[in-house]
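Undergrad: predicted model, plus sequence, below.
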Amino acid sequence: MTDTMQTDNITTAFERQAAGVIDRRCSFDLAARKRSLTRLADVIRKNEGAIVAAIAQDFGKCATETILTEILPVLQEISHARRHLKRWMRPKHATPTLASFGTSGKVRPEARGVCLIIAPWNYPFNLAFGPLVSCLAAGNAAIIKPSEMAPATSALVASLVAETFPPELVTVIEGAVDTSTALLALPFDHIFFTGSPAVGKIVMAAAAKSLASVTLELGGKSPTIIGPDANLKRAADWIAFGKFSNAGQTCIAPDHLFVHASIKDTFVAILRDRIAKAYGKSGTSPDLARVVNSHHADRIAGLLDDAIQKGAQVTLGGARDGTYIAPTLIETVTPQMDIDHEEIFGPVLPIMPFDDLGTVIAQINARPKPLSLYIFDKNKSRVDRIIAQTSSGHVGVNLTMLQFSHANLPFGGVNNSGIGNAHGHYGFRTFSNERAVLTNYFSPIFLFFPPYTARVKRILRLAKRVLG
């Protein structure tokens, strides 16, 4: 398809949806929204085998991990939204203030309109359909742009959407960077982007041209602190799962570990055993996914090679075969190494000992704010200190990754790691315009209307005394 034909196709899809949204503002009611969500759940369940096969083709990911990390989170989002949608849609009463005495205020959530969802390659099914659940629950139409770097999943997403929804409600437009650029030139009502901070800046700049609202789900180097009183076996279990699921290609994966020097050697030994149990001593278990393509495998290998050349020690793994990279632990990491300041996004885990917690906190605060911060420690005062003295999108205490699946918690970053929230009611609010409606019944404000007579000025002085 030529660039001109592709742009025409995008414009036609957008115009088709924009025309339909005018009617849906009135007719896309609770029942219709629930039907859309039910249809989506049904088509996912019916095509579970095809989803597993597509993701295996793109990543070499095993069926169990695909169901756990790609399919179940979307089904949970649908179930949670259906169960609570009536309450979410209900106008919320606003308690009057003294100035608004005699009025009644409500906040009515309304659909934003036509939304663009740009999905990433690392969880190409979950992160395309998860935001769509919130988008449909809020009454919007959507255009989904899947990642071309997961071509089998992208094609399947397009097929499932075409099978499930009319094109004026949900449309998938496949393509590469040119397609994303053409889409971003259109006047969407909201843009939901998941990806890197660098591309997030491009999306935000494009949205500014039409003053579209944005949600940016980004990433960064999520630090993990293992305190001296941590349960080391539990910490090793959660860190091995969080770091090496999807071969480390997860925006909320632990990026690097700060381990208290007093327990470092013991913890590393336990972590090595846990990795061997999960993925085999050679790390070649079919339960370990592959890196998405050779370009990203080269990037990860380059970070590792640079670290080794500058003095890092590989204490586990390090092997590579094409897009396979073994679970790898490295130590003796220094600030001169690229791996110390670039997001790894792969199965390589730097381990750094510490004695002074204040130094660790200072290192975390010297970097851009991460999406996730993980703490393993039984000492509540130490945990509270870390949380109080740092900033991140979310914090996991004695766990990793699970915050993504908590439907009643907001999921989102801060500054470099993102803008806005997703999941559950927070996702519904993200895709909604919270419209204020104030109705006058017997407001006395008319007493202050001009002309500003002596009587008006006396009343104003009285009001000032009452308001303090």
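TA: Arrived safely.
Undergrad: show me where the stretch 101-250 of the chain has its helices.
TA: Listed in chain order, the helices of the stretch 101-250 of the chain (DSSP state H, counting those that start in this stretch) span 126-137, 151-164, 177-184, 197-210, 232-244.
Undergrad: so how far is P166 from the residue nearest the centre of the chain?
TA: Taking Cα atoms, centre = their mean, the centroid of the chain lies closest to E217, which sits 4.3 Å from it. According to Cβ to Cβ, to the nearest Å, E217 stands 27 Å off from P166. For glycine as for every other residue, the C-beta is placed from the backbone atoms N, C-alpha and C.
Undergrad: what of N9?
TA: Summarising the geometry, the distance separating N9 from P166, computed by Cβ to Cβ, is 17 Å.
Undergrad: the two: which is more packed in?
TA: N9 (16 against 13; other Cβ atoms under 10 Å).
Undergrad: how many residues are close by the nearest residue to the more buried one once chain neighbours are set aside?
TA: The shortest distance from N9 to any residue other than its chain neighbours is 7.0 Å, reached at I173 (Cβ to Cβ, 6 or more residues apart in numbering). By other Cβ under 10 Å, 19 other residues sit near I173.
Undergrad: who's in contact with I173?
TA: With contacts defined as Cβ atoms under 8 Å, 6 or more residues apart in numbering, the neighbours of I173 are 9-10, 13, 143-145, 179, 183.
Undergrad: farthest from the middle of this structure: give me that residue.
TA: For the chain, the largest distance from the centre (Cα atoms, centre = their mean) belongs to A454, which lies 58.2 Å off.
Undergrad: residue contacts, I55?
TA: For I55, the contact set (Cβ under 8 Å, 6+ apart) comprises 61, 66, 70, 124-125, 150, 152-153.
Undergrad: sorry, wrong one. I was asking about P444.
TA: For P444, the set of contacting residues under the criterion of Cβ under 8 Å, 6+ apart consists of 101-102.
Undergrad: before we move on, what about A56?
TA: Neighbouring residues of A56 by Cβ under 8 Å, 6+ apart: 62-63, 66.
Undergrad: ok so, going back, can you put the contacts of I55 in JSON lines and add neighbour count, pLDDT and distance to I364?
TA: Supplementary listing: the contacts of I55 in JSON lines, determined by neighbours: other Cβ atoms under 10 Å; pLDDT from 0 to 100; distance: Cβ to Cβ, whole Å:
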{"residue": "K61", "neighbour count": "24", "pLDDT": "95", "distance to I364": "31"}
{"residue": "T66", "neighbour count": "24", "pLDDT": "97", "distance to I364": "33"}
{"residue": "E70", "neighbour count": "26", "pLDDT": "97", "distance to I364": "30"}
{"residue": "P124", "neighbour count": "27", "pLDDT": "97", "distance to I364": "30"}
{"residue": "F125", "neighbour count": "27", "pLDDT": "98", "distance to I364": "32"}
{"residue": "A150", "neighbour count": "26", "pLDDT": "97", "distance to I364": "32"}
{"residue": "A152", "neighbour count": "16", "pLDDT": "98", "distance to I364": "38"}
{"residue": "T153", "neighbour count": "27", "pLDDT": "98", "distance to I364": "34"}
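Undergrad: return the distance of E77 relative to D29.
TA: Separation of E77 from D29 (Cβ to Cβ) stands at 20 Å.
Undergrad: of the two, which one has the most company?
TA: Each of E77 and D29 has its neighbours counted (other Cβ under 10 Å); E77 has more, 27 against 11.
Undergrad: quickly find the element holding the more buried one.
TA: According to DSSP states H and E, E77 maps onto helix 72-89.
Undergrad: after that helix comes which helix or strand?
TA: The C-terminal neighbour of helix 72-89 among helices and strands, as given by DSSP H and E, is strand 92-94.
Undergrad: which outside residues touch that following strand?
TA: 104-107, 436.
Undergrad: strand partners (parallel or antiparallel) of it?
TA: strand 103-111 (antiparallel) (DSSP bridges).
Undergrad: got a markdown table for the contacts of I55, with distance to F448 too?
TA: Shown next, in a markdown table, are the contacts of I55 (distance: Cβ to Cβ, whole Å):
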| residue | distance to F448 |
| --- | --- |
| K61 | 66 |
| T66 | 64 |
| E70 | 59 |
| P124 | 58 |
| F125 | 58 |
| A150 | 61 |
| A152 | 66 |
| T153 | 61 |
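Undergrad: wait, S213 touches A207, no?
TA: Yes - using Cβ atoms under 8 Å, S213 and A207 qualify as a contacting pair, with a distance of 7.4 Å.
Undergrad: quick one: which of these two has more around it?
TA: The neighbour comparison of S213 against A207 (other Cβ under 10 Å) goes to A207, with 20 against 17.
Undergrad: okay, the more buried one and S294: tell me how far apart.
TA: According to Cβ to Cβ, A207 and S294 sit 32 Å apart.
Undergrad: next one: M401
TA: Between M401 and S294 the distance, using Cβ to Cβ, works out to 27 Å.
Undergrad: repeat that for V437.
TA: Following Cβ to Cβ, the distance that separates V437 from S294 is 55 Å.
Undergrad: spatially, what comes nearest to S36 if we skip its sequence neighbours?
TA: Skipping the residues right next to it in sequence, S36 comes nearest to L136 by Cβ to Cβ, 6+ apart, at 4.8 Å.
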